[in-house]
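Enquirer: Just the structure for this:
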Amino acid sequence: MFSSLKTLFRLFKGHSLYLSFTFLFAALSISSKMAIPFLTGKVIDILSKGFVFEDLTPYLFTIMGLLIFGAITRYFFDFLSGRLVERVLFDLRNKLHDAILNADISSLDSYKQGDMLSRMLSDIDTVQRGLLSGVMALYEGIVQILITVVFMIILSPILTAAVIVLTPLSMVVSRFIAKKNANSFTEQNASLGELSAFTLECLNNAKTVNDYGLWEDKEKEFEEKAKTLRKSNFKASFAASLINPSTRLVNNTIYAVLILLGVIFLIEKPSFVGAFTVGALASFLSYAYQYMAPFNEIADAGSDMIFASVAVKRIEEGINLKLENKEGKEINEPITSLTVDNVDFGYTKERLVLKDINLHIEKGMKVALVGPTGCGKTTLLSLLMRFYDQQSGSFHFNGGDFSALSIDSIRGKEGVILQEALLLSMSIADNIALGKADASREEIMEAAKKAGADDFIRALPNGYDTMVGRNDGLSEGQKQLINLARVLLLDKDVLLLDEATSHIDLLTEIRLSESFALLCKGKTSLIVAHRLSTIADSDLILVMDKGVIVERGTFDELLKQNGFFAKLYHSQL
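Expert: This next block holds a predicted model:
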């Protein structure tokens, strides 16, 4: 539990002022509450001698004042502790979100999307419970224990010594059980992340699952993962449930021993005890209970803190993702050439996806990449966007090595349309202006006209102000046209099109040929194409197979060779 506490206390770094005031009001609230049993004992002793209201009045007014003061300070403690925890969670969420957005893609690929989502949502909630029910309860308990010990010493040093000697039994039991069951909490969080990842995968691919009749298999797989989570939940819950009853049993035993000793002191009146009254015994038993109660609460808080510390480690693992290296030189001049020199790349060191790739493109050239699925076309574009770093070889803009250039500078020169159309939850106009926030409405509409998207956008109920996103009723082709308009608006030097027309019908694709020609005019462009007839005007075609460029040339040259490209082309006729 102490390691868990240390982990959680790291989160308060940078919030020392809030933490100080929170602890101050907690101490004031507890102090006022702890003074009341002492005064109550005095009242009992006065009443044992006979009822005299005048003698009771000072005590009653003091108790009333302490109750009011305690309520006020308790309010400020609850308010400040809530604000403190929210500020900590706000920082955690922002750090994790920023880390995910700025993470190196290769590092992010090692995690499932649902697992990262679980860290952002479920683990953050777990930390919130750990801070409020764990750390704050622990602090309250410690302050209450210290103040209670002071009052108990005043009432009876001997009984206080007995309490202090016997109490560690409760801590030993709590620590033993918590240590034995820490793995259960880790297993629970891992199972939850696994289930979240699987659920997200099914939601994102619901159509595919239904089209192939896989829902029964996925249902069984979900059930197995849910069973695993249920078992880990049971283990963790059972582990947590053992702590409190065990410590309560020990504490109740100690309480019974104190009652027995106190009664003996009242009856026998041993000389070493000193003056010990019925009121003093009543006050002491109240303090003894309030002294031991925090140990029960701390035991409860222990399981919350262990849960939370595991969650914090998962969140910090996300926060500490390898970040993209943003450092490097800026490219201020237009891009006039792009060179790929002896590049090898693999997502793992054991298996290369690209082998000995060489390419030189001058400004204005249109280069097409073709080949069967999985041959490395999209991977090559990903390397050009610096999503990954090659194992060997180099890339160059205007002769400058990519490794010496900043990632933002490289991407600032590249206009990209990926195979999957991406629209964010905002208006169509804002989606088109995504990379140019200061674009005027006229510029946005002009880009849409060039892309061939203006007509269908105007036909929508709210035109360019129509909100889009998931389930917006737009076809994949329409979404891709909006993406095309976005790239046209940015007017980048290098264009990377990854099967940008794969979701557009043939007639629409033919109508868009002029827009693509306008888009690529004067630009350095690489196009991954699935319809080979659409790249007949390319200056150079690279034919890839199994990560290797097997043929290169113009459209006519490759057909005359009657090689791999010719076979691909004739298979589409």
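
Enquirer: quick one: low-confidence parts of the stretch 101-250 of the chain?
Expert: Low-confidence segments of the stretch 101-250 of the chain, defined by pLDDT under 70: 113, 170-171, 174-175, 177-183, 185, 204-215, 239-244.

Enquirer: confidence score at F516?
Expert: At F516, the pLDDT value in this model is 68.

Enquirer: Need phi/psi at E551.
Expert: Main-chain torsions, E551, degrees, to the nearest 10: phi -150, psi 150.

Enquirer: Same question for I527.
Expert: I527 adopts backbone torsions of phi -130, psi 120, taken as degrees, to the nearest 10.

Enquirer: hey, what's it bridged with?
Expert: For I527, the beta-bridge partners are A368, L497 (DSSP bridges).

Enquirer: what sits up against stretch 166-173?
Expert: With CB atoms under 8 Å, 6 or more residues apart in numbering as the test, stretch 166-173 has contacts from 246-247, 250-251, 254, 257, 291-292, 295-296, 299. Bear in mind the C-beta positions are built from the backbone N, C-alpha and C, glycine included.

Enquirer: Leaving out the residues flanking it, which one is nearest to the spatially most central residue of the chain?
Expert: The chain has M120 as the residue nearest its centroid, 2.8 Å off, counting by CA atoms, centre = their mean. Of all residues not flanking M120 in the chain, L96 sits nearest, at 5.9 Å (CB to CB, 6 or more residues apart in numbering).

Enquirer: What's the local residue count around that neighbour?
Expert: 22 (other CB atoms under 10 Å).

Enquirer: Contact partners for it?
Expert: If you count contacts by CB under 8 Å, 6+ apart, then L96 has 119-120, 124, 315, 318-319 around it.

Enquirer: For these, give me a markdown table that also has distance to T336 and secondary structure.
Expert: Formatted as a markdown table, these follow (distance: CB to CB, whole Å; DSSP: H, G, I helix; E, B strand; the rest coil):
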| residue | distance to T336 | secondary structure |
| --- | --- | --- |
| R119 | 44 | helix |
| M120 | 43 | helix |
| I124 | 48 | helix |
| I315 | 46 | helix |
| G318 | 41 | helix |
| I319 | 41 | helix |
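
Enquirer: Among those residues, name the buried ones.
Expert: 119-120, 124, 315, 318-319 (16 or more other CB atoms under 10 Å).

Enquirer: Identify the farthest-apart pair in the residues you listed.
Expert: Maximum pairwise distance among these (CB to CB): 11.8 Å, between I124 and I319.

Enquirer: Kindly point out which residues are neighbours of both of these two.
Expert: Common contact partners of I124 and I319 (CB under 8 Å, 6+ apart): 92, 96.

Enquirer: Low-confidence stretches in the stretch 301-450 of the chain?
Expert: When residues are selected by pLDDT under 70, none of them lie in the stretch 301-450 of the chain.

Enquirer: And the helices in it?
Expert: Ranges of helices in the stretch 301-450 of the chain, per DSSP state H, counting those that start in this stretch, are 377-384, 407-412, 428-432, 441-451.

Enquirer: Three-state assignment for the residue nearest to M120, please.
Expert: helix (DSSP: H, G, I helix; E, B strand; the rest coil).

Enquirer: can you check I541 too?
Expert: Secondary structure for I541, judged by three-state DSSP, is strand.

Enquirer: what pLDDT does it get?
Expert: 91.

Enquirer: Beta-bridge partners for it, please?
Expert: Counting by DSSP bridges, I541 is bridged to A368, G553.

Enquirer: was I right about it contacting T534?
Expert: No - applying CB atoms under 8 Å, one finds I541 not in contact with T534, separated by 11.5 Å.

Enquirer: more crowded one of these two?
Expert: Each of I541 and T534 has its neighbours counted (other CB under 10 Å); I541 has more, 23 against 18.

Enquirer: ok, the more buried one to V173 distance?
Expert: 75 Å (CB to CB, to the nearest Å).

Enquirer: got it, and N189?
Expert: With distances taken as CB to CB, N189 is found 25 Å from V173.

Enquirer: List the buried residues in the strand or helix carrying D45.
Expert: D45 is located in helix 16-48, with elements delineated by DSSP states H and E. Residues 18-19, 21-23, 25-44 are the ones in helix 16-48 that count as buried (16+ other CB under 10 Å).
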